[in-house]
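[1] Fold the stuff below for me.
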Amino acid sequence: MIINNVVGIITETLPNLMFRVKLDSNVEIVASMSAKLRLNKVRLLVGDRILVYCHGSIGRIILKYKI
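    Numbering: from 1, shown residues only. All right, here's what the predicted structure looks like:
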């Protein structure tokens, strides 16, 4: 499917630091936080715009855009 960096919006928070993300291409995936974001204690909320590294239907959140 998609194997690159894409932009999306968090639509739902799930247990164990997982998030449901709607990509700009109207595809919904489940994504987890990268270790860099966890170590820097970045807070992610519903509605945040993020950059996701996608591999199939699973992704890794690598950047949170500032509003």
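
[2] okay, which residue is most central for this structure?
    Central residue of the chain (C-alpha atoms, centre = their mean): I61, 3.9 Å from the mean position.

[3] Bridged to that one, which residues?
    When assigned by DSSP bridges, I61 has beta-bridge partners M33, V52.

[4] Please, where are all the helices along this protein?
    For the chain, the helices defined by DSSP state H cover 35-39.

[5] Okay, strands next: where are they in it?
    For the chain, the strands defined by DSSP state E occupy 5-14, 18-23, 28-33, 49-55, 58-64.

[6] by how many degrees do the fourth one and strand 58-64 diverge?
    Which is strand 49-55. Calculated by axes from the mean of the first three to the mean of the last three C-alpha atoms, to 10 degrees, strand 49-55 forms an angle of 150 degrees with strand 58-64.

[7] picking up where we left off before, select, out of the strands of the chain, the one closest to V42.
    strand 58-64 (5.7 Å; C-beta to C-beta). Bear in mind the C-beta positions are built from the backbone N, C-alpha and C, glycine included.

[8] Please identify the buried residues of the closest one?
    Under the neighbour-count criterion of 16 or more other C-beta atoms under 10 Å, strand 58-64 has G59, R60, I61, L63, K64 buried.
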